[in-house]
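Participant: Any chance you could fold what I've pasted below:
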Amino acid sequence: MKKYIALFLFSVQLFSQEKSKIVYSNETVHINSGKTLEIETFVSESRAISKSKNTQEYAIRIPFDSFSEISSIKGSTFIVRTNKKVDLSSSYIGTYDAEYENIYKSDNKYKFFVLPKVEDNSIIEFSYKTKIKQPRFLSSFRFQNPIKTESSKLQIRCQSSTEIGFKLFGNHQDKIIFTKTTEGNLDIYTWEAKDIPEFEGEEDMPSSLYFMTHLIYYIKSYEIAGKKEELLGTPEKLYQWYYSITKDINKTDQTALKNKTEELIKGQKSDFEKAKAIYQWVQQNIHYVAFENGMGGFIPREASDVYQKLYGDCKDMANLLNQMLQYAQLDSNLTWIGTRSKPYKYADVPTPQVDNHMITNVVIDGKSYFLDATDKFCPFPLPSAFIQDKEAIIGKSEKDFKIEVVPEVESNRNKTTILMKLNLENNHIVGNATATISGLNKSYLLNNLSANNQKETEIWKNVITKNNLKIQLESQELQKNDYQEQPSKANFKLKLEDGIKDVNGKLLLKPILLLPLKETLIDIEKRKFSIENELAHVYEIQYQYEMPSGYKVEFLPENVKTDNDLGSFDIQYKVSNNTITVNQKIESKKLLLETKDFVLWNSFIKALTKQYNQSIILSK
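Facilitator: Model (predicted):
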């Protein structure tokens with residue numbers, strides 16, 4: 001489904017090294033519902049450039065696609081040192097195809113130019129017009145940028161018979177002043193802001209859209225020749241449009257696809273097994289290739305064509321999967337969804353901007369499943385990691401749809417299990433380790449292996465050595481088990497040099513070698529934004545230490561359990577015959593650690609780290 005790159009029609013990336021600033025950033029939207037509906041925006045901006053070496057701050061990139069048209073680009077540089085103004089030449093304005101990772105064919109383009117003769121402490125200005133051809137694709141306006149914004153203003157001018165919807169998102173909303181006035185037969189909506197600080201991102205934060213101050217605006221309805229036209233404003237109207245552009249698909253001959261479906265489900269004893277067979281066939285045989293070309297970014301291609309060509313984008317794969325499930329007499333429907341990069345809900349943003357993905361929903365024995373075959377290794381029937389906890393519109397019929405929240409995958413389904421059988425030899429720890437990986441953890445591993453097959457051994461080893469690089473591993477057997485019920489599995493020979501200390505004839509052993517979550521302590525004084533995790537997960541690790549001949553356990557740490565809303569750990573010690581067994585279970589429960597969670601999280605990690613430092617003492 002079309003990713004909608006014009007979310008902010010002006011989408012220049014700024015990477016400030018010095019303290020430049022946006023002096024003003026203004027956009028005026030004219031909506032004229034005369035004989036036809038016409039929408040045009042005028043953008044103007046000025047920036048004070050502190051250092052000319054920061055080329056990114058005056059290299060301007062204006063995205064557009066087949067639904068918008070850019071014109072009347074102007075620009076100039078005012079050189080303070082000489083008190084002279086240099087105008088931008090039209091010959092320096094280029095048009096380029098936008099290239100995005102994993103997108104094969106796109107109508108996304110951009111205008112690009114660099115303001116001329118910029119020196120330290122210059123003032124640049126630029127402006128342009130945009131004609132919007134599809135009224136459902138109005139854009140957003142951002143009040144916050146990667147450099148400080150002194151003044152910003154969005155104004156919408158439209159006939160009073162035109163109804164506008166809007167919603168603010170992000171921080172600093174208290175700085176936005178909204179007014180609505182009337183000028184003849186025009187309604188004028190104005191949002192103004194002063195002194196919005198620069199936006200500085202942080203590692204592992206959710207999408208910047210959750211935090212950067214911006215406004216989404218859209219047309220609810222308008223009048224043409226006295227007749228009211230409904231566009232958006234409710235989830236019902238959004239779904240009506242989705243239905244209208246998909247109702248005429250799959251009209252070609254589907255015989256081959258039906259026959260393939262019957263072949264796949266033959267001998268399957270339950271609806272669950274039928275759905276699984278179809279889903280895994282689509283995963284294994286249809287190659288994901290993204291297309292975002294005009295309405296082709298929204299309308300799925302014929303299921304029979306996708307089946308024949310064996311490739312398609314998310315909506316193509318969703319459509320093929322949906323058709324095959326329906327041919328298997330299952331309750332399946334096309335489903336629209338925004339990934340976790342989108343902070344919006346349908347009640348707040350009932351526009352195409354809320355969604356950037358399409359999947360399939362199937363109901364089996366009364367239970368709803370969200371199937372996303374674009375994740376080639378996602379285990380059936382789990383949702384892909386990047387749609388967890390997101391609202392989805394499930395299309396039932398022309399009038400009937402349902403909004404459901406995709407469930408989070410429980411932590412105990414995303415499990416890494418490691419068994420170590422170890423001996424103590426000459427102050428070293430040696431032995432064997434077996435790792436098994438399941439759920440979305442398995443999907444993440446296999447996708448990583450698929451994308452980096454030349455680093456297969458290193459990727460497997462990282463499962464164990466990620467938090468303890470001193471461990472040396474030699475691969476013995478690697479089993480991906482791609483589309484099987486079994487988890488992925490790997491066997492290694494293991495060595496940890498100087499893992500034991502001899503103190504006056506007594507051996508000191510730190511038995512816990514793997515340290516999940518150890519490096520996740522949060523600097524509460526500096527951290528501003530929440531922390532996003534790809535998934536909730538569980539580590540279950542068992543160490544079996546064979547004691548050296550002639551030694552006994554003099555000291556064994558106490559068993560410890562801790563459990564709260566964010567995570568848990570359970571570490572148990574046991575001695576039986578000549579073997580010390582240590583069981584270590586670590587659980588991370590939340591997809592999103594909010595700032596209010598930081599104190600509890602740090603307390604949890606400190607308690608966990610304390611246990612990681614425990615020692616066993618052996619004496620003769």
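Participant: Low-confidence stretches in the chain?
Facilitator: Applying pLDDT under 70 to the chain picks out residues 1-18, 99-106, 292-296.
Participant: how about 50 then?
Facilitator: Counting by pLDDT under 50, the low-confidence segments of the chain come to 4-17.
Participant: can you pull out the helices in it?
Facilitator: 235-246, 255-265, 271-285, 303-309, 314-327, 439-451, 456-465, 598-612 (DSSP state H).
Participant: contact partners of the fourth one?
Facilitator: The contact list for helix 303-309, computed with Cβ atoms under 8 Å, 6 or more residues apart in numbering, reads 249-250, 252-254, 256-257, 260, 286, 312, 316-317, 319-320, 322-324. (Each C-beta comes from the backbone N, C-alpha and C, glycine too.)
Participant: Pull the contacting residues for Q611.
Facilitator: I512, P557, V560, F569, I571.
Participant: let's see 10 Å
Facilitator: I512, P557, E558, V560, T562, F569, D570, I571, Q584, I586 (Cβ atoms under 10 Å, 6 or more residues apart in numbering).
Participant: Leaving out the residues flanking it, which one is nearest to the second one?
Facilitator: In other words, P557. In this structure, P557 finds its nearest non-sequential neighbour in Q614, 4.0 Å apart by Cβ to Cβ, 6 or more residues apart in numbering.
Participant: and that neighbour, how far is that from V289?
Facilitator: For Q614, the distance to V289 equals 52 Å [Cβ to Cβ, to the nearest Å].
Participant: do the same with Y92
Facilitator: 35 Å.
Participant: And for G312?
Facilitator: On the measure of Cβ to Cβ, G312 and V289 end up 7 Å apart.
Participant: Also T417?
Facilitator: On the measure of Cβ to Cβ, T417 and V289 end up 35 Å apart.
Participant: Would you mark the buried spots in stretch 479-499?
Facilitator: K480, Y483, P487, S488, K489, A490, N491, F492, L494, K495, L496, G499 (16 or more other Cβ atoms under 10 Å).
Participant: I'd say the last one and P511 touch.
Facilitator: Yes - in this structure, G499 is within contact of P511 by Cβ atoms under 10 Å, at 9.5 Å.
Participant: which residues are common contacts for those two?
Facilitator: Contact criterion Cβ under 10 Å, 6+ apart; residues shared by G499 and P511: L422, I429.
Participant: tell me the most buried of the helices of the chain?
Facilitator: Sort the helices of the chain by mean neighbour count, taking mean count of other Cβ atoms under 10 Å, and helix 314-327 sits at the top with a mean of 26.
Participant: That one: how far from the chain's middle?
Facilitator: 23 Å (Cα atoms, centre = their mean, to the nearest Å).
Participant: swap in stretch 510-519?
Facilitator: Per Cα atoms, centre = their mean, the displacement of stretch 510-519 from the mean C-alpha position of its chain is 28 Å.
Participant: Stretch 280-298 too?
Facilitator: How far stretch 280-298 lies from its chain's middle: 18 Å, per Cα atoms, centre = their mean.
Participant: Kindly report the same for stretch 312-329.
Facilitator: Using Cα atoms, centre = their mean, the offset of stretch 312-329 from its chain centre is 23 Å.
Participant: same deal with stretch 132-143?
Facilitator: 22 Å.
Participant: Across the sheet, point out what pairs with the residue lying closest to L231 once chain neighbours are set aside.
Facilitator: Sequence neighbours aside, I219 is the residue nearest to L231 in space, at 5.0 Å (criterion: Cβ to Cβ, 6+ apart). On the basis of DSSP bridges, I219 is bridged to I164.
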